[in-house]
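> Got a sequence here, can you build the structure:
(one chain, ligands or ions: 1)
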Amino acid sequence: MPLAIVQYVRIAIIFIATTGLTQAADYAGPLFDAHLHYNEEAWNGQVGPHPVSDVLVRIKRNGVKAVIANSRPNDGTKALAAEPSKGDLTVVPFIRLYRNRADYDNWFRDETIYDMVQTEFARGTAAGPYKGIGEFHLYDSTNANGVVAKKLMAFAEDKGLTILAHVDDVAIDLLMANTPSKGQKARLIWAHTGIGGAPVARVNELFSRYPLLMGELSYRPGLTCDGGKLCSEWRALLLKYPGRFLIGSDTWINQRWQYYDDTMQGYRTWLGDLPADVARKIAWENGAGVFEVK
Ligand SMILES: [Zn+2]
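Take a look at the predicted model:
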């Protein structure tokens, strides 16, 4: 072979090798959507842009095999749980605390919400008993000490229910302090792992303090960097706690249903950045394991 061609082949091999290293394949396995809402704006049982058949198509074409479903009011979750055509999709139902938008700012002190949770829990869904409470919000973390918030944290731990909470890092400590085990036996999924951007060191501190605390990663500031790949400090945290993170769609408005494909593709992109076993845990096994999805 002439020298020029040998050089060319060598350069081509180096090029293929290096680009192969920097462009890991997207994660292609099953997904567990740990933060799905099916609110009345999407479908109220009569009208809406996203009837059950529509959301099932979106969920299934993305390889999502299980969802934590919750809705305002709880009828949406019950409709999804009862849908015969959902096939092999597992619906893990959570009790939402909101009958309407006014409840967002008042649930933590409203005894009628506590009563509603008792009624829902006793009734269950067509897909089986409720497995959790949430998503709820605390815009002021001190409301974690509201009388109903305290009762619900105790109720959840007593019944083995998982909490899905959109709160700041201060509220995580306050909510955990309100459980009988002081957070040692309470399973809490931290929605967005702190949407306000709690520093990685603070997330790490809370994860080490509460053994059943998990982090859901939608809307998490600082998670991804160039090209939708993981930022280095977050990649390190995911590798430190591979069994503690989850992904979620957070379909809180209809636009999120319209972009459901893009949201899931975004996860597949950065999950592809991780070792295969860690990617599969965050994508699927962590949720499937907690909620015993086969
Ligand atoms: Zn949400």
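
> residue in the stretch 1-150 of the chain nearest to the ion?
When you check the stretch 1-150 of the chain against the ion by CB to the ion, the closest residue turns out to be residue 135, at 4.5 Å. For glycine as for every other residue, the C-beta is placed from the backbone atoms N, C-alpha and C.

> what kind of secondary structure is that residue in?
strand (DSSP: H, G, I helix; E, B strand; the rest coil).

> Might you report the residue contacts of it?
Residues touching residue 135, when contacts are defined by CB atoms under 8 Å, 6 or more residues apart in numbering, comprise 35, 37, 70, 94, 96, 164-166, 191.

> Leaving out chain neighbours, which residue sits closest to residue 125?
Leaving aside its chain neighbours, residue 125 sits nearest to residue 81 (3.9 Å; criterion: CB to CB, 6 or more residues apart in numbering).

> Neighbours of the one you found, how many?
By the measure other CB atoms under 10 Å, the count of residues near residue 81 is 20.

> so where does it fall, helix or strand?
Applying DSSP states H and E as the criterion places residue 81 in helix 75-82.

> ok, and does the helix or strand just after that helix reach over to the ion?
Past helix 75-82, heading to the C-terminal end, the next element that is a helix or strand (DSSP H and E) is strand 90-95. No - for strand 90-95, no contact with the ion is found by CB under 5 Å from the ion; the gap never falls below 10.8 Å.

> list the helices and strands strand 90-95 packs on?
Helices and strands touching strand 90-95, as assessed by 3 or more CB pairs under 8 Å, 6 or more residues apart in numbering; DSSP states H and E, comprise strand 64-70, helix 75-82, helix 111-123, strand 132-137.

> possible to save the contacts of residue 135 as a markdown table with neighbour count and pLDDT?
Converted to a markdown table, the contacts of residue 135 look like this (neighbours: other CB atoms under 10 Å; pLDDT from 0 to 100):
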| residue | neighbour count | pLDDT |
| --- | --- | --- |
| 35 | 27 | 98 |
| 37 | 24 | 98 |
| 70 | 28 | 98 |
| 94 | 28 | 98 |
| 96 | 29 | 98 |
| 164 | 26 | 98 |
| 165 | 23 | 98 |
| 166 | 22 | 98 |
| 191 | 27 | 98 |
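
> out of the residues you listed, who's nearest residue 56?
Closest approach between the contacts of residue 135 and residue 56, by CB to CB: residue 37, at 15.1 Å.

> what number of residues lie near residue 129?
A count of neighbours around residue 129, defined by other CB under 10 Å, yields 13.

> rewinding a little: if I look at the residue nearest to residue 125, what pLDDT would I see?
Each residue has a pLDDT score; the one for residue 81 is 97.

> Could you do residue 264 as well?
You'll see residue 264 listed with a pLDDT of 98.

> Just list the residues touching it, thanks.
Taking CB under 8 Å, 6+ apart, we find residue 264 in contact with 31, 33, 62-64, 249.

> filter these to the buried ones?
Buried residues within these, defined by neighbour count using 16 or more other CB atoms under 10 Å: 31, 33, 62, 64, 249.

> Perfect, I'm done here.
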